[in-house]
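Q: Need a 3D model of the sequence below.
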Amino acid sequence: MRCHVEATWGLWDPLEQREKHCANFTPETHRIILVDDVAGFVATEDFPSHLWLVKLYVFKKYRGIGNGSQVLQGLLS
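A: As a prediction, this is how the structure comes out:
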């Protein structure tokens with residue numbers, strides 16, 4: 001996430017990032033995306049009125065070949 005954080009907020013502070021991660025990470029909302037290996041991660045939260053897609057990370061090797069679309073289709077189902 002470093003490239004994204006630096007492009008968006010300018011500065012990467014490892015301590016700050018770790019603190020934010022520890023404060024906001026909820027293991028029960030996160031799932032590993034497996035293809036032939038770990039291809040990424042998806043996190044969702046269920047609400048009575050909707051499903052919130054918190055994050056969808058697909059590693060570069062697995063992008064552009066339908067893996068993210070397949071995950072989204074599964075969530076929409």
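
Q: and stretch 58-74, how far from the chain's centre?
A: Taking Cα atoms, centre = their mean, to the nearest Å, one finds stretch 58-74 lying 12 Å from the centre of the chain it belongs to.

Q: outside of it, which residues touch it?
A: Surrounding stretch 58-74, the residues in contact under the criterion Cβ atoms under 8 Å, 6 or more residues apart in numbering are 33, 35, 38, 39, 40, 42, 53, 56. Quick note: C-beta positions are derived from backbone N, CA and C, even for glycine.

Q: Now do the SS call for the nearest residue to residue 58 once chain neighbours are set aside.
A: Setting aside the residues directly before and after it, residue 58 is nearest to residue 40 in space (Cβ to Cβ, 6 or more residues apart in numbering), at 4.0 Å. Residue 40 falls in the strand class when you classify it by DSSP: H, G, I helix; E, B strand; the rest coil.

Q: just residue 23 next, same as before
A: Put simply, residue 23 is helix when judged by three-state DSSP.

Q: ditto for residue 61
A: helix.

Q: All the helices of this structure, in order from the start?
A: 2-9, 14-24, 67-76 (DSSP state H).

Q: What lies in contact with the shortest one?
A: Contacts with helix 2-9, where a contact means Cβ under 8 Å, 6+ apart, come from 12, 17.

Q: angle of it against helix 14-24?
A: 90 degrees (axes from the mean of the first three to the mean of the last three Cα atoms, to 10 degrees).

Q: returning to that earlier point: got the helices of the chain as TSV, with mean neighbour count, distance to residue 47 and mean pLDDT columns?
A: Shown next, in TSV, are the helices of the chain (neighbours: other Cβ atoms under 10 Å; distance: least, Cβ to Cβ, whole Å; pLDDT from 0 to 100):
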stretch	mean neighbour count	distance to residue 47	mean pLDDT
helix 2-9	10	26	88
helix 14-24	10	17	91
helix 67-76	13	14	94
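
Q: closest to residue 48 out of those?
A: Each of the helices of the chain was checked against residue 48 via Cβ to Cβ, and the shortest separation belongs to helix 67-76, namely 16.7 Å.
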